[in-house]
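**Student:** coordinates only, no sequence provided:
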């Protein structure tokens with residue numbers, strides 16, 4: 001069971017700590033936490049309130065988002081690739097970044113299609129914001145987050161097409177891997193890309209509540225209904241998420 005400390009407690013903690021969005025299956029946080037756990041790294045966690053000002057966290061590291069990961073007295077990091085590189089440095093094995101340069105470039109590029117700006121997570125977040133932002137007076141927390149992530153109607157309108165393009169690229173890679181006998185996205189072993197995909201499926205077709213608990217009134221918004229996304233979400237991608245989840249994730253997921 002994930003136990004949260006207060007922000008003040010982890011700020012002054014001497015080891016590895018992570019700030020996670022509390023109560024929501026945030027894929028960035030779920031991926032970061034799972035990477036730390038696969039590597040056997042002990043950590044303490046503090047909560048980030050969804051849509052809140054989170055003043056202590058912001059004063060500490062200048063960010064009002066999760067995940068944030070910090071080690072010892074080093075500067076906290078919050079971008080997905082920085083978190084992955086920190087984890088690799090602290091625990092080089094099992095390696096989640098390929099040593100081969102071509103495979104490494106492919107893994108990071110496809111991971112960016114999932115985790116990065118204008119990637120799957122980014123565009124699905126725009127779609128989640130859209131209904132509230134079309135209201136005459138959007139909720140304060142949603143307005144704050146949408147401003148932080150650059151919400152605008154034109155990007156929201158093409159978000160589905162962008163997600164579909166990324167899904168097709170992932171399907172092509174996974175199918176080519178299956179044809180050569182591999183059960184992973186890159187090479188013949190688990191990489192961070194497999195972890196990112198299993199995590200970010202939370203924003204497309206989340207696992208049942210027994211495996212991915214969340215407030216049930218939130219669940220419909222996490223299920224992608226955009227026809228472009230539905231058409232591009234190949235069953236092969238869903239099957240891959242299921243297999244990676246059962247093999248490498250905590251069950252149920254903890255937020």
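**Tutor:** That came in fine, so what should we check first? Not measured: the values here are computed from a predicted model. Residues are numbered from 1 along each chain as shown.

**Student:** can you map out the helices along the stretch 51-200 of the chain?
**Tutor:** Taking DSSP state H, counting those that start in this stretch as the test, the helices found in the stretch 51-200 of the chain are 55-61, 80-90, 101-115, 120-133, 140-148, 153-157, 159-179, 192-200.

**Student:** what packs against the third one?
**Tutor:** Under the contact definition 3 or more Cβ pairs under 8 Å, 6 or more residues apart in numbering; DSSP states H and E, helix 101-115 sits against helix 27-38, helix 80-90, helix 120-133, helix 159-179, helix 192-200. For the C-beta atoms, the positions are set from N, CA and C on the backbone; glycine is no exception.

**Student:** before we move on, back to that, comparing the helices of the stretch 51-200 of the chain by mean pLDDT, which bottoms out?
**Tutor:** Mean pLDDT per stretch puts helix 140-148 lowest among the helices of the stretch 51-200 of the chain, at a mean of 73.

**Student:** just to revisit the earlier point, out of the helices of the stretch 51-200 of the chain, which gets nearest to residue 38?
**Tutor:** Nearest of those to residue 38, taken as Cβ to Cβ: helix 192-200 at 7.3 Å.

**Student:** elements contacting that closest one?
**Tutor:** helix 27-38, helix 101-115, helix 235-248.

**Student:** follow-up on the earlier one: from the helices and strands packed on helix 101-115, which stretch is densest packed?
**Tutor:** helix 192-200 (a mean of 27; mean count of other Cβ atoms under 10 Å).

**Student:** quick one, that one and helix 101-115 angle?
**Tutor:** 10 degrees (axes from the mean of the first three to the mean of the last three Cα atoms, to 10 degrees).

**Student:** need the residues that contact helix 192-200.
**Tutor:** Helix 192-200 is contacted from outside by 27-28, 30-31, 34-35, 38, 80, 84, 96-97, 107, 110-111, 114-115, 120-121, 170, 184-186, 237, 240-241, 244-245, 248-249, using Cβ atoms under 8 Å, 6 or more residues apart in numbering.

**Student:** cool, stretch 210-225 as well?
**Tutor:** Stretch 210-225 is contacted from outside by 23-25, 124, 127-128, 163, 202-206, 209, 230, 233, 245, 251-253, 255, using Cβ under 8 Å, 6+ apart.

**Student:** go again using 7 Å as the cut-off
**Tutor:** 24-25, 124, 128, 202-206, 209, 230, 251-253 (Cβ atoms under 7 Å, 6 or more residues apart in numbering).

**Student:** among those, which ones are buried?
**Tutor:** 24, 25, 124, 128, 202, 203, 204, 206, 253 (16 or more other Cβ atoms under 10 Å).

**Student:** which one of those sits closest to residue 66?
**Tutor:** Distances from residue 66 to these, taken by Cβ to Cβ, are shortest for residue 24, at 9.3 Å.

**Student:** want to throw the helices and strands packed on helix 101-115 into CSV with distance to residue 223?
**Tutor:** Formatted as CSV, these follow (distance: least, Cβ to Cβ, whole Å):
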stretch, distance to residue 223
helix 27-38, 14
helix 80-90, 23
helix 120-133, 11
helix 159-179, 13
helix 192-200, 14
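
**Student:** need the contacts of stretch 210-225 in JSON lines (columns: secondary structure and distance to residue 18).
**Tutor:** Formatted as JSON lines, the contacts of stretch 210-225 follow (DSSP: H, G, I helix; E, B strand; the rest coil; distance: Cβ to Cβ, whole Å):
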{"residue": "24", "secondary structure": "coil", "distance to residue 18": "15"}
{"residue": "25", "secondary structure": "coil", "distance to residue 18": "15"}
{"residue": "124", "secondary structure": "helix", "distance to residue 18": "22"}
{"residue": "128", "secondary structure": "helix", "distance to residue 18": "23"}
{"residue": "202", "secondary structure": "helix", "distance to residue 18": "17"}
{"residue": "203", "secondary structure": "helix", "distance to residue 18": "20"}
{"residue": "204", "secondary structure": "coil", "distance to residue 18": "24"}
{"residue": "205", "secondary structure": "coil", "distance to residue 18": "26"}
{"residue": "206", "secondary structure": "coil", "distance to residue 18": "21"}
{"residue": "209", "secondary structure": "coil", "distance to residue 18": "24"}
{"residue": "230", "secondary structure": "helix", "distance to residue 18": "33"}
{"residue": "251", "secondary structure": "coil", "distance to residue 18": "20"}
{"residue": "252", "secondary structure": "coil", "distance to residue 18": "19"}
{"residue": "253", "secondary structure": "coil", "distance to residue 18": "15"}
